[in-house]
Every structure is written in C-alpha cells, then in structure tokens.
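Participant: here is my input; please provide its structure:
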Amino acid sequence: MSEKSSIEWTDATWNPVRGCTKVSPGCAHCYAETFAERFRGVPGHPYEHGFDLRLVPDKILEPLRWPTPKMVFVNSMSDLFHEDVSAQYIAAVAEVMKQSPWHVYQVLTKRSARMRKMLTSDLRDVALSSHIWWGTSVENRKHGLPRIDDLRNTPAAVRFLSVEPLLEDLGKINLEGIKWVIVGGESGPGARPMNPDWVNSLMEQCSRNDVPFFFKQWGGVRKKQAGRELNGRTFDEFPQLGRSEFPPKTKRMQILRSAESDVANLLRQD
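Facilitator: This is a model prediction of the structure:
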C-alpha cells in the first residue's frame, strides 16, 4: 500500500502515523478520513481503528528497505506535526529521512507553527536537507495565508504549498522563498466548487515569480471526467531534485542497521 501512490505529484506514500483530527475548513471532506473509516472494526486491517490517531513504529524504517529511489509523500494519511505526536517520534521519522538521501521526501502539514518551531530547534540538523521538502496546506485566506508566513520563516531548502482544496480566491500571495505550488479542487461527495479564475491567478503569480506550478485536478464529484487540464494543457512542474546517488544494496543494509539503532534510541526517549 505504501510503495506506490496514485497521487499525481509523488511516487509513494509513507505513513508512520495514521489518523488525524480536523483543524480548518480544508479538512471538512478529508479523503484520508473517508478511506480509513470504511475499515473501522475490520480485524487486522491497517485502519481497524478508523481515523483515530495512531503511531505505527513498525513503518518508520520502511523507506530504507525499498529497492528503488522514490519521491515520497510523508503521512498522506495523517499529519506528522499533529500535537499528539511526540517530538521524539517525529525526530525518529526525520532520522530515517536524513539517512536515506536517495529518496525525495515531501512533508506536508497544516500544523505549520509546530513545524517551524521544530525545524528551528529539535530538527535543525535536517531542516536544510535538499532531499527533504517541507510544505503546508492552503485552502483559504483566513487559515492558509498565516501558514505560508510560518513556512517562509521555517529553514528549508525547498518550501512548497499544497493549495488543495482551493476554496476561495487567495488574492495576491507572497511567494518569496516558496519553491513549488500545487493547486487542486476538492473531489468526492459534497465537493465544494473551485472557480477557474482562482486557479489562473495562482498560475500567473507562479509564472511571474518563476515558481514551478503543478495543477493536480479540477475535482468535483466526477473528478476523472473533469480532468486536470488548465487552459488546454497540463501543468506538471517540479522543483529541481536534490537527492543523492542510489547506493548499492550492501551500503543500504549498513545504513539500515545504523538507522535501526538510532531510531530505537529515540523511541526509548518517547
């Protein structure tokens, strides 16, 4: 389930945390919650407990065992910086990212203030790693724009915005220090509509500021029919990849053994 993803802007998902809680209007129709709650009460299923927040330490070392390099969406089914995830557990996840620079990690959060605080303290040794991208979700002006300011004040080699679901016109936004913008509409039952003018405004601002722009989808109840073309074309732009060469298996196994020890020490402090 983790090694492949249908999300257009990543290769794989990695979920050392499962479940979350709502913090803003962008969470109203959370796809992850809808998926997880389908399996609540199914014995042995990864989401037997629905969307209740749960740590999954058995998943922490998973990327070190993958046989190929990947672009990895971290916690597609949760939020690494959730207030109920301890700093030590987050540090253990970050340690695995640090020790596997052949992957590119995409960390996305709505808890931008906590991410900023940790990347300037406990996680400062990984904050500027070029293969770890740090991003925040933006759905409207009230909740999203302050997150952009948090992100801009976060030390990072690559900062990105996931503007999905886009719920209103964001107006002119400050893209200083932002290296990537993803935009998409909400999908599924009850999906809130997205105005093309809102999307075009963001696309044009990215173009003027030389920020790579990725248009994920129009969304809606029938998202496949709506597609992902904007003005007759697809936008699949990415920042420059900063990952290292993929090491041979023997080297990766050495790194895995080292990471096992480091992660175990961090989790013992939890």
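Participant: so who does residue 88 touch?
Facilitator: Residues near residue 88 by Cβ atoms under 8 Å, 6 or more residues apart in numbering: 266, 267, 269, 270. Placement of C-beta: from N, CA and C, glycine included.
Participant: helices or strands up against the top helix by length along the chain?
Facilitator: Using DSSP state H, we find that the single longest helix of the chain is helix 249-268. Judged by 3 or more Cβ pairs under 8 Å, 6 or more residues apart in numbering; DSSP states H and E, the packing partners of helix 249-268 are helix 87-99.
Participant: what about the next helix or strand after the helix it packs on, distance to the chain center?
Facilitator: Later in the chain than helix 87-99, the nearest helix or strand by DSSP states H and E is strand 104-109. Remark: strand 104-109 is offset 4 Å from the chain centroid, using Cα atoms, centre = their mean, to the nearest Å.
Participant: before we move on, what about stretch 36-50?
Facilitator: Centroid displacement of stretch 36-50 relative to its chain, using Cα atoms, centre = their mean, is 23 Å.
Participant: swap in stretch 79-86?
Facilitator: 13 Å.
Participant: wait, a strand at residue 135?
Facilitator: Yes - secondary structure of residue 135 (DSSP: H, G, I helix; E, B strand; the rest coil): part of a strand.
Participant: what residues are bridge-paired with it?
Facilitator: Note on residue 135: beta-bridge partners by DSSP bridges are residue 108, residue 160.
Participant: residue 33 against residue 20, yeah?
Facilitator: Yes - Residue 33 lies in contact with residue 20 (Cβ atoms under 8 Å); the separation is 7.3 Å.
Participant: find the residues that touch each one of the two.
Facilitator: Overlap of the contact sets of residue 33 and residue 20 (by Cβ under 8 Å, 6+ apart) consists of residue 51.
Participant: next up, the contacts around the most centrally placed residue in the chain.
Facilitator: Residue closest to the mean C-alpha point of the chain, counted by Cα atoms, centre = their mean, is residue 108 at 3.0 Å. By Cβ under 8 Å, 6+ apart, the contact list for residue 108 reads 73, 74, 75, 135, 136, 137, 160, 162.
Participant: now with 10 Å, please.
Facilitator: 10, 73-76, 79-81, 115, 133-137, 160-162, 164, 182 (Cβ atoms under 10 Å, 6 or more residues apart in numbering).
Participant: what separates it from residue 20, distance-wise?
Facilitator: Per Cβ to Cβ, to the nearest Å, residue 108 is found 12 Å from residue 20.
Participant: swap in residue 12?
Facilitator: Relative to residue 20, and taking Cβ to Cβ, residue 12 is found at 19 Å.
Participant: neighbour count: those two, which is higher?
Facilitator: Remark: of residue 12 and residue 20, residue 20 carries more neighbours, 23 against 20, as counted by other Cβ atoms under 10 Å.
Participant: returning to that earlier point: and the gap between the residue nearest to the centre of the chain and residue 136?
Facilitator: Between residue 108 and residue 136 the computed distance is 7 Å (Cβ to Cβ).
Participant: give me the common contacts of those two.
Facilitator: Contact criterion Cβ under 10 Å, 6+ apart; residues shared by residue 108 and residue 136: 81, 115, 160, 161, 162.
Participant: the second one contacts residue 136, correct?
Facilitator: Yes - using Cβ atoms under 10 Å as the test, residue 115 is close enough to residue 136 to be in contact (7.4 Å).
Participant: what is the burial count for residue 220?
Facilitator: Using other Cβ under 10 Å, residue 220 has 17 neighbouring residues.
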